[in-house]
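*Asks:* take this sequence and fold it.
(4 chains)
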Protein chains: 2
Amino acid sequence: MVYSLMLSRRAKYGLRSLIYLTKQKGQGPIQIREISEELAIPRKFLEAILLDLRNDGILQSRQGKIGGYFLERSPDTVTMGHLVRLFDGPLASVPCVSQTAYARCDDCTEEHHCAIRWVMKEVRDASARILDQTTLEQVVEKSNQLCGRDEIEYQI
Amino acid sequence: MVYSLMLSRRAKYGLRSLIYLTKQKGQGPIQIREISEELAIPRKFLEAILLDLRNDGILQSRQGKIGGYFLERSPDTVTMGHLVRLFDGPLASVPCVSQTAYARCDDCTEEHHCAIRWVMKEVRDASARILDQTTLEQVVEKSNQLCGRDEIEYQI
DNA sequence: AGTACTCCTACCAACTCAGTAGGAGATTAT
DNA sequence: ATAATCTCCTACTGAGTTGGTAGGAGTACT
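*Replies:* Below you'll find the model as predicted:
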């Protein structure tokens, strides 16, 4: 079975790293190696992912010996919608219903008459409603709930 | 920009063909060639897609000279959810929240503690709620509305 | 100076997607 | 009977994406 509407590994690794970094907030830079070991993510792959998050302004980094990554933006300002779009592109399952990356379907003759567009827009809107209103902070809270707040075990 | 959560061309072609066939219901078998010309879908590609729909029991076919395809199931019993799953796999964006094709995420240590799972389940449920309650019949109705019911122009 | 980290470019194997090619088998019309 | 016209089926292909690796330059602390 193929899962073509699925979150990429890149996105999952990125999200899990952000949750980890949020839980460690205020403790100075965390190194790629630590995250990669703790969350079982290939180190070199993780490097590229964290770099993307830094270039987007969500993370900040420090170079050199005691360098590493830490949150730049407050986790209550980072939405899941933003993150999923960052990693995997628009939420819309057809380009002609995307808010953030609209494009005509190249195989659709007249989009105003397109019933597929209509139903897929409903789906997009429902997904966006959830993802754009869920913040990283809320996800971390939920994660703490699920794990038991006091444990320092980073099940995300 | 990459669209990794997108409907495949296969799915779009399949859906458009089904809408076309629904509108022609009761008029005997419609040939691949006609559909492919009318909807601008590559003929050989369409062959494979219609065959899948037949093997799934949604379409029926007739071989030979005046053969072709026609609906086997009534369009009010065919849901968009079923069709999207048939073409593109599970709706869930992570396998561990799929109702129809559950699987553990191989990179997730303990799913009951996974906050990503939690939010993605909300998204899946919202999408499924829409897609599983929208039938092919409703989509065709909507298409007729959008096109003007009397025109015989198959903008879908 | 040495060490340990981030940053950056280039590369790679495996897989998926969107088709094509060619023909066997079925059915009808002549 | 046979030609025509359709579906059915297998195999193949080129382009693009995913999930990484390799190697090293640059940066900062000790």
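
*Asks:* only C-alpha atoms for contact and neighbour calcs from this point on.
*Replies:* OK.

*Asks:* what count of nearby residues applies to A:Leu7?
*Replies:* Close neighbours of A:Leu7, defined as other C-alpha atoms under 10 Å in any protein chain shown, add up to 19.

*Asks:* setting aside sequence neighbours, what's the nearest residue to it?
*Replies:* Closest residue to A:Leu7 apart from its sequence neighbours, by C-alpha to C-alpha, 6 or more residues apart in numbering or on different chains: B:Ser93 at 5.1 Å.

*Asks:* okay, that neighbour: pLDDT?
*Replies:* What the model reports as pLDDT for B:Ser93 is 89.

*Asks:* so it makes contact with A:Leu5?
*Replies:* Yes. Between B:Ser93 and A:Leu5 there is a contact under C-alpha atoms under 8 Å: 5.8 Å.

*Asks:* okay, these two: which has more neighbours?
*Replies:* Comparing B:Ser93 with A:Leu5 by other C-alpha under 10 Å, the one with more neighbours is A:Leu5, at 23 against 20.

*Asks:* hang on, the more buried one packs against B:Asp88?
*Replies:* Yes. Counting by C-alpha under 8 Å, A:Leu5 does reach B:Asp88; the two are 7.0 Å apart.

*Asks:* overlap of the contact sets of these two?
*Replies:* Residues touching both A:Leu5 and B:Asp88 (C-alpha atoms under 8 Å, 6 or more residues apart in numbering or on different chains): B:Leu7.

*Asks:* ok, A:Arg62 to DNA strand D distance?
*Replies:* 6 Å (C-alpha to the nearest atom of the strand, to the nearest Å).

*Asks:* angles on the backbone of that residue, please.
*Replies:* The phi/psi pair for A:Arg62 (degrees, to the nearest 10) reads phi -130, psi 130.

*Asks:* what sits against the closest residue in space to it that isn't next to it in sequence?
*Replies:* Leaving aside its sequence neighbours, A:Arg62 sits nearest to A:Gly68 (C-alpha to C-alpha, 6+ apart; 5.3 Å). Contacts for A:Gly68 (C-alpha under 8 Å, 6+ apart) come out as A:Pro29, A:Ile30, A:Gln31, A:Ile32, A:Ser61, A:Arg62.

*Asks:* thanks a lot, catch you later.
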